[in-house]
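S.K.: got a predicted structure here, sequence first:
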Amino acid sequence: MKFHAAHALAAVILGAAGFVLAAPGQAVAATVTASMTNTLKFTPQTLTVHVGDTVVWKNGSALSHTVTDVPKLASKTGDATVPKGAKPFNSGYIDPGQSYSHTFTVPGTYHYFCIPHEATGMTGVVIVKPGS
C-alpha cells in the first residue's frame, strides 16, 4: 500500500481532533470510567485495564470523595496496595461533579479507598495487565 499525501493530511486532521493513531497491530491506550456514588461505593468496584490506560473517577455523589492508594494513609491493612515499582497516588478531595484521572504504567493489582468513607467499605481494585 502506498502512502499518499491524502493519508498524511488525514493523520494531521485526526491527530488535531484528539484521536489517537496507532500503527496496525499496535495497542491504543484506553480511558476507562468509574463512578463515586451516594451509596459510598466505587462503581464498578473492580476494573481491569492495561499498562498505559487511564482511569477517570467521576464523582456523581452529593459528597466529596478521594481516590487514595497510599498504604500508610489506610486505616485497614489491605485497603491500599501498590505493586512493586509503582508510585502511590492520592486524588485529594474530589467535589461533587468533579473527576480525577490516573494513568497506570506498572502492571499489578492496586487496592484503593476513599479516605472519609473507608470505614463504610468504599474501596476499589484496579487490575493492570501488561500491554497487549
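M.R.: Cool, the structure landed.

S.K.: pLDDT weak spots in this protein?
M.R.: 1-27, 132 (pLDDT under 70).

S.K.: quick one: the helices in it?
M.R.: Along the chain, counting by DSSP state H, helices occupy 5-16.

S.K.: got the contact list for the residue nearest the centre of it?
M.R.: Central residue check for the chain by Cα atoms, centre = their mean: the C-alpha nearest the mean position is that of residue 55, 1.7 Å away. Residue 55 is in contact with 31-34, 47, 49, 101-102, 104, 126, counting by Cβ atoms under 8 Å, 6 or more residues apart in numbering. For glycine as for every other residue, the C-beta is placed from the backbone atoms N, C-alpha and C.

S.K.: and the two most separated of the residues you listed?
M.R.: Pairwise distances across the contacts of residue 55 peak at 14.2 Å for 33 and 104 (criterion: Cβ to Cβ).

S.K.: and those two? Which one has more around it.
M.R.: Using other Cβ atoms under 10 Å, the more surrounded residue of residue 33 and residue 104 is residue 104, with 24 against 14.
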